[in-house]
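# Okay, sequence plus prediction incoming.
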Amino acid sequence: MVNSLKEPLGQGAAGIVTSALDAVLILDDEMRVVEWSEAAAALFGIDRAEAVGADLVELIVPAELRDAVRTCLRDVDIAPTDGEELLGRRIEMPARHADGVAFRAELTIVRAATIGAGPTVFARDVSHRLEADRVRAHMEQVVLGSRDAVYSKDLQGVVTTWNPAAERLYGYSAEEAVGRHVSFLMPDELKHEAAEILSRVRQGEHLETLETRRVRKDGTVLDVSLTISPIGSDSGYLYGASVIARDITSERRRRSAREFLIAATRDLDASLDPVETARNIVAKAVPALAEVCIIDFVRMDGRIGEAVAASAIPGAAERLERIRHESPLDPDGDHPVAQVLRAGEPMVWGDLKEPAVADAIVQNVEHQRLMDDTGYESAAVVGLFARGRQIGALSFLHARAGVRYEVDDLEFLNELGERAALALDNARLYQERDAIARNLQRGLRPPRPARVEGLEASVVFEAAGRGIEIGGDLYDVWPTEDGCWVLIGDVAGKGSAAAGVSVALRHVVRGLIREIDEPEEVLVRVNELLLEGTGLNDFATAVLMRLRQDPGGHWSLVVASAGHPPPVHVRAGEACLLGGGTVLGALNDAKVQRHDAVFEQGDTLVLCTDGWLEAGPPSEHRDPDDLARLIEYLSPLALEELTARLRGDAVSRAGGELGDDIVLLALRRV
């Protein structure tokens, strides 16, 4: 830009005219153009030949302003004292291009070189600057009114401007922030970001939506999204950067929470044990959602009972569980858990260090010590309700994190609480069903065979899948004065219906053997009873044995088989199968196969259900002959070892997961 001039132009005027970047107009005393530079021709769109000799005012000034401009320019020559204020100063005025387009011109007028001569005028188009000023003023108003925090810093990282939204976001006034290095906003572990960001700014890089963390004046840590843009001149000289900061703490929490919820709830019910499920829930929340997480259970009598906790702070969970055990929460007290359980609504406590809040939380001296050691800061508590039942409360606590729970967090935390409550209630239901299943299983088969003098027995029962899956496999041994009865069977189907038929079958046989002495006659009666049943699947296979010892000490064996896998009788090292017959409950004239044999000392009998034969994929299934050969091979072993080997064979073929229950019952004459 040409400097302001108050000295008259001398012999160097011609050089100025030709070399000046601004338009140069030399006038005579009548304000006619004497000299017209190339820059003037470009600025006004009028070439030199047309301009020289023309009245300047008529040439470049809009008609409505000519009189005022003419007076102004004339005063410079006629009344130097009056016009002195115009000399050497930049004045702005409307000007006109040759095509009629008006623009804003900046003129610098200098005194004429000789007495009586006209002035010299330097001119430039400043329309763009005015527009820039207008835009700048507009942007200043936008920044002042922006809901986003906006501030600027120089290339050394010192804050130079600070808008009201930045005051609200960070808690520092403009007076407190301007002049400080921007690192005062950064957590200690992120101080290195200041140098890294400035390095990128100096290279002219624009940083779009940089997600990071910043610290408020009160110490609260915020998640923020920063947009950082270099600030420079038109010539490309960089002298700072502008920063737009948005608080995304809630947004980021919701996003992280949603991702956590999806991931965590995949295996909230990985265990079907209520206590293990509770530990899984609190462990999932740490440290993603809390530094300490605890579930307080409600007892059947309405009192607050035991608790399960997890913590990112070593030892805190164990201490908290012990405190809850030794000093149970009062359901009528002011503790946050008690308040939430009474209200049935989730709640947030933003500052646990407030005296009134701290007094309500502290249970005893040890609890106060724990709170001091862990640095409790904030808490959120949600109730655990499922299927109309109050299970307890789930508490999330921030400690040593510089983060506070907000009311906006409750929607997500409450949703997590609902899923956790359902997982806990599922575990409870499973536990109850498992207990029922165990009782039913005891109705299907005793835990061990009854003791019979002169016989050794071993039994293996392996349940398929989870414990609540009740099958139709059954067995029993009933001692008599001269020996025993042995029953093994399998009812069609699974679940409670099959279990009901199995229990009935077992007890029917038990009643019939008191009246009927022959095993095959008993099974024929069972067939008749099953045919009278109303169920669509009242079918069963069975083997009923009668073992007797005569007065001379000799044992005999009678086997009645009705479609069940045949028992294996190993005698003198050789095995034979004692099977046959048809399924019970299917035909009016069911066929029952009878076998008579001597049961001598050292003989072994092995009975099984079809779960053993059909363990694993079809390619791994066994037939009765395979079973006979295997038992023949294993017969020298102790009875417990023999049944264990048979079980291991089935589990191995099934790849460790049985598809059906198996019962293995072995008897040996001793």
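Noted; the coordinates are in hand.

# how's this structure carved up into domains?
What automatic domain parsing lists as the domains of the chain is 13-125, 142-247, 253-433, 445-669.

# how close does Ile391 sit to Pro336?
Look at Ile391 and Pro336: by C-beta to C-beta, to the nearest Å, they are 17 Å apart. Where C-beta positions appear, they are placed from N, C-alpha and C, glycine not excepted.

# Kindly apply the preceding question to Tyr475 instead.
Tyr475 sits 55 Å away from Pro336, taking C-beta to C-beta as the criterion.

# go on, Val282?
16 Å.

# same deal with Thr212?
As judged by C-beta to C-beta, Thr212 and Pro336 stand 32 Å apart.

# Pick out whichever of these two has more residues nearby.
Pro336 (22 against 16; other C-beta atoms under 10 Å).

# Spatially, which residue comes closest to that one, not counting chain neighbours?
Spatial nearest neighbour of Pro336, chain neighbours left out: Val381 (4.8 Å); criterion: C-beta to C-beta, 6 or more residues apart in numbering.

# Using PDB, list the CA coordinates for the helix or strand encompassing that neighbour.
Element membership of Val381 [criterion: DSSP states H and E] is strand 376-386. Written as PDB, here are the backbone C-alpha positions of strand 376-386 (Å, rounded to 0.1, in the frame of the first residue of the first chain):
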ATOM      1  CA  TYR A 376     -16.400 -41.300  45.200                       C
ATOM      2  CA  GLU A 377     -17.600 -38.600  42.900                       C
ATOM      3  CA  SER A 378     -20.900 -39.400  41.300                       C
ATOM      4  CA  ALA A 379     -23.600 -42.100  41.300                       C
ATOM      5  CA  ALA A 380     -26.500 -43.400  39.300                       C
ATOM      6  CA  VAL A 381     -28.900 -46.000  40.700                       C
ATOM      7  CA  VAL A 382     -31.500 -48.000  38.800                       C
ATOM      8  CA  GLY A 383     -34.000 -50.500  40.100                       C
ATOM      9  CA  LEU A 384     -34.000 -54.100  39.000                       C
ATOM     10  CA  PHE A 385     -37.500 -55.300  38.200                       C
ATOM     11  CA  ALA A 386     -38.600 -58.300  36.200                       C
END
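
# What is it packed up against?
Secondary-structure packing of strand 376-386 (3 or more C-beta pairs under 8 Å, 6 or more residues apart in numbering; DSSP states H and E): helix 336-343, strand 347-349, strand 389-399, helix 410-444.

# tell me the most buried of the ones you listed?
The highest average neighbour count among the helices and strands packed on strand 376-386, using mean count of other C-beta atoms under 10 Å, belongs to strand 389-399 at a mean of 24.

# Adjacent strands (with direction) for that strand?
In the sheet, strand 389-399 lines up against strand 292-298 (antiparallel), strand 376-386 (antiparallel) (DSSP bridges).

# Which among these is found nearest to Val150?
strand 376-386 (28.9 Å; C-beta to C-beta).

# so how far is that closest one off the chain centroid?
Computed by C-alpha atoms, centre = their mean, to the nearest Å, the chain-centroid distance of strand 376-386 equals 17 Å.

# Please apply the same query to stretch 123-130.
Centre to centre, stretch against its chain (C-alpha atoms, centre = their mean), the figure for stretch 123-130 is 58 Å.

# what's the answer for stretch 368-378, then?
Chain-centre distance of stretch 368-378: 26 Å, with C-alpha atoms, centre = their mean.

# so Val286 makes contact with Ala309?
No. With contact defined as C-beta atoms under 8 Å, Val286 does not count as touching Ala309 (9.3 Å).

# Mutual contacts of these two, please.
Overlap of the contact sets of Val286 and Ala309 (by C-beta atoms under 8 Å, 6 or more residues apart in numbering) consists of Val292, Cys293.

# Which one's more surrounded, these two?
Taking other C-beta under 10 Å, Val286 and Ala309 do not tie; Ala309 has more neighbours (25 against 20).

# Just the element for that one, please.
If you go by DSSP H and E, Ala309 is part of strand 304-311.
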